[in-house]
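Engineer: could you look at this predicted model? Sequence included:
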Amino acid sequence: MFALLAALLATGIFWDQPPETAPVLKQAGIEHIYVAPAQQQEWKQKGYEVNAFDASAFEKLLAPGVQYRMDVASATTVPWIDANGWRIQRDGPKKYFYDVPKGRASLAAAEAFVYGADAVIHPDREDLQMLAHMLVFVKQNQRPRLPVMANIGVMDDGSAATGEVLNLLARRNLLFKIVREPDPALNLNIRIGSPEYPKQEAADPYAFAQKVREQLTDEKRLIRIFGSSVVLAHLTGDRGQARLYLLNYSNRPVDGLRVRILGSYPHGDVAASGIADPKLADYNAGQEATEFTLPRMNTVAVIELRR
């Protein structure tokens with residue numbers, strides 16, 4: 001089963017445990033792994049499909065998740081999301097590597113799926129079963145990729161400052177795409193260092209992202225999410241259809257998530273990991289925007305919208 005998954009998803013598992021742990025992998029239904037070159041032959045003798053893992057061939061990503069940091073001004077904890085979607089969008093079709101601690105492997109697989117990344121995941125041994133379940137969900141929801149939908153264009157100069165701006169835009173669900181030159185079809189086009197977006201402003205990415213939001217206005221945002229600050233959106237679409245991916249970066253379910261998407265989509269269906277028969281509630285397709293509630297989501301949800 002997993003060999004087919006790997007072929008479809010371009011997602012793999014790096015396993016650095018000895019071949020004696022083969023029963024652990026078998027129990028999770030995993031039959032295709034990346035291993036250290038010196039262990040290839042032993043694993044092949046146990047009936048596994050194996051690839052040699054060379055860390056230098058991969059771009060390492062952060063372990064996705066949420067850190068709660070103290071907000072000095074309000075004396076409350078605020079979530080800081082460690083997410084890689086902006087990096088994958090920025091860097092394009094590379095090979096990526098997730099080295100994740102316990103509890104993060106499923107989220108890493110979901111993130112790679114949402115952004116169409118070719119990724120290898122190094123999971124904690126205790127996460128194998130949950131990871132296998134996530135990969136089954138991903139397989140069931142594989143579709144031909146649709147074009148990225150965005151209303152902000154960023155002309156990327158490759159600098160760390162621009163990277164931080166991309167990070168903050170993504171964390172605020174201000175949907176962008178990388179462009180080489182201004183795209184008149186977009187609401188905003190941003191070039192760090194231009195008179196409108198000077199470098200000194202980009203040095204404070206929080207304030208910069210707020211400026212972009214105010215310039216765009218909330219009414220023109222493609223996606224607005226209410227009820228959670230730890231769910232990020234990735235929107236794709238073409239010819240009267242949209243596919244919205246939602247990723248929950250916390251380790252707890254989110255209840256009562258309200259979503260507003262620009263455009264009228266009378267028909268909507270949802271698939272959500274770990275939920276047998278998910279439904280969209282309070283669905284309202286208006287003339288300018290469509291709104292609905294996702295009563296509960298675990299790690300990832302995929303919402304298909306049609307006109």
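Structural biologist: Received the coordinates, thanks. Numbers count the residues shown, from 1 in each chain.

Engineer: secondary structure class for L25?
Structural biologist: Of the three states, L25 takes helix under DSSP: H, G, I helix; E, B strand; the rest coil.

Engineer: do the same with T293
Structural biologist: Look at T293: counting by three-state DSSP, its state is strand.

Engineer: and if you look at A38?
Structural biologist: When classified by three-state DSSP, A38 comes out as helix.

Engineer: do the same with R90
Structural biologist: helix.

Engineer: so who does it touch?
Structural biologist: D156, G163, L166, I178 (CB atoms under 8 Å, 6 or more residues apart in numbering). Where you see a C-beta, it was placed from the backbone N, CA and C, and this is true even at glycine.

Engineer: do the same with D269
Structural biologist: Per CB under 8 Å, 6+ apart, neighbours of D269: L280, I303, E304.

Engineer: can you rerun that using 7 Å?
Structural biologist: Taking CB atoms under 7 Å, 6 or more residues apart in numbering as the contact definition, D269 lies against E304.

Engineer: can you list the buried residues in the helix or strand hosting it?
Structural biologist: Per DSSP states H and E, D269 falls inside strand 267-272. Across strand 267-272, burial judged by 16 or more other CB atoms under 10 Å covers G268, V270, A272.

Engineer: do stretch 31-50 as well
Structural biologist: Neighbour-count burial for stretch 31-50 flags E31, H32, I33, Y34, V35, Q39, Q40, W43, Y48, V50 (criterion: 16+ other CB under 10 Å).

Engineer: what is the subsequent helix or strand relative to the strand holding D269?
Structural biologist: As assigned by DSSP H and E, the chain's next helix or strand after strand 267-272 is strand 281-285.

Engineer: okay, that following strand in PDB with CA atoms only?
Structural biologist: Provided in PDB are the C-alpha atoms of strand 281-285 (Å, rounded to 0.1, in the frame of the first residue of the first chain):
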ATOM      1  CA  ALA A 281     -22.700  23.900   8.200                       C
ATOM      2  CA  ASP A 282     -24.500  27.300   7.800                       C
ATOM      3  CA  TYR A 283     -23.600  27.400   4.100                       C
ATOM      4  CA  ASN A 284     -24.400  30.700   2.400                       C
ATOM      5  CA  ALA A 285     -23.300  31.500  -1.200                       C
END
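
Engineer: so how far is it off the chain centroid?
Structural biologist: Offset of strand 281-285 from its chain centre (CA atoms, centre = their mean, to the nearest Å): 25 Å.
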